[in-house]
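Enquirer: The amino acid sequence is not available; the structure is as follows:
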Ligand SMILES: CC/C=C\C/C=C\C/C=C\CCC/C=C/C(=O)SCCNC(=O)CCNC(=O)[C@H](O)C(C)(C)COP(=O)(O)OP(=O)(O)OC[C@H]1O[C@@H](n2cnc3c(N)ncnc32)[C@H](O)[C@@H]1OP(=O)(O)O
């Protein structure tokens, strides 16, 4: 029942998502291998996204590669949503690890150039693509883990928040947060809600009103991220964590998520 509720709540998020229908990708207990064996891997790449799928574990790694800072441009967001939709439709895919190919940056957030001097039509299309990215990630029926291997302000932080679990590199130079206020922007309500659901009301109030960017240790203290690990261990830890989550029987790891389930 919980699973069904989660699915209905999730698919109610977006008319486009409703097309996906309800199906189970989470079978019984499986013995999962954290390492990808070459013959069991498949890769697909668009210009800004690399997707590597391990058929033996059902784990996909979605790597953002939009230099210089993985800003969320219209093109990037479109490719991102298409990649995620393909994985969502792939019944063999049970978990997605989101990470960055760029040194020091997870994502710089919305592409500022998409919001400057553009036509109302373009702005509408861009904003719709931002919402679509969030709906797909937050409403995903796969387990999603953000492997945050660099700084992640504003919309980049939203992406990480939309995942089920966040693992960040413990590099003190990296920062993360919804710092829109510092940029003279009010974070939209659904940015706010996603943050509240993660860190709670009071921390979210302070965070949003002051536009705080947290260092990695402060992000852990406030609950913005779940785990800090050495930089070279971010991806392997994400793989191990995913394996643990996917070993939860049936669909319980997904179905018991309170953000999308009411029982
Ligand atoms: C009209 C609007 C239409 C529709 C929208 C409707 C409503 C919108 C309303 C509200 C929106 C609210 C939500 C907003 C969310 C956002 O995400 S806003 C974007 C916020 N992000 C930032 O402000 C990030 C700023 N960047 C940085 O802090 C740093 O660049 C960094 C920490 C990411 C990386 O630092 P460095 O490694 O030192 O790199 P540089 O600073 O030298 O940058 C390299 C290069 O990249 C360009 N760049 C950086 N960030 C962005 C970005 N967000 N978009 C586009 N380009 C970016 C930077 O300018 C440099 O370019 P060059 O100078 O090398 O050409």
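Expert: Everything's here; your move. These figures come from a predicted structure and were not determined experimentally.
Enquirer: who in the stretch 151-263 of the chain is up against the ligand?
Expert: Applying Cβ under 6 Å from any ligand atom, one finds that the stretch 151-263 of the chain approaches the ligand through 151, 153-155, 180, 183, 185, 187-188. The C-beta positions use only the backbone N, C-alpha and C, and glycine is treated the same way.
Enquirer: Just the buried residues of these.
Expert: Among these, the ones that count as buried by 16 or more other Cβ atoms under 10 Å are 151, 153-155, 180, 187.
Enquirer: what's next to the longest helix along the chain, contact-wise?
Expert: Taking DSSP state H as the criterion, the chain has its longest helix at helix 120-138. Outside helix 120-138, the residues that touch it by Cβ atoms under 8 Å, 6 or more residues apart in numbering are 13-14, 16-17, 72, 74, 77-78, 80-81, 84-85, 88, 98, 110, 114-115, 118, 144, 155, 158-159, 162-163, 190, 194, 259.
Enquirer: before we move on, what about stretch 175-191?
Expert: Residues contacting stretch 175-191 (Cβ under 8 Å, 6+ apart): 106, 131, 134, 148, 151-154, 156-158, 160, 168, 192, 195, 207-216, 219, 224-225.
Enquirer: re the thing from before, what's the next helix or strand after the longest helix of the chain packed up against?
Expert: As assigned by DSSP states H and E, the chain's next helix or strand after helix 120-138 is strand 143-148. Applying 3 or more Cβ pairs under 8 Å, 6 or more residues apart in numbering; DSSP states H and E, one finds that strand 143-148 contacts strand 95-100, helix 155-161, strand 165-169, helix 234-246.
Enquirer: which SS state does residue 67 fall under?
Expert: coil (DSSP: H, G, I helix; E, B strand; the rest coil).
Enquirer: show me the residues around it that make contact.
Expert: Applying Cβ under 8 Å, 6+ apart, the residues near residue 67 are residue 102.
Enquirer: hmm, try it at 10 Å
Expert: By Cβ atoms under 10 Å, 6 or more residues apart in numbering, residue 67 lies in contact with 48, 101-103, 105.
Enquirer: Let me see the backbone angles for it.
Expert: Note on residue 67: backbone dihedrals following degrees, to the nearest 10 are phi -60, psi 150.
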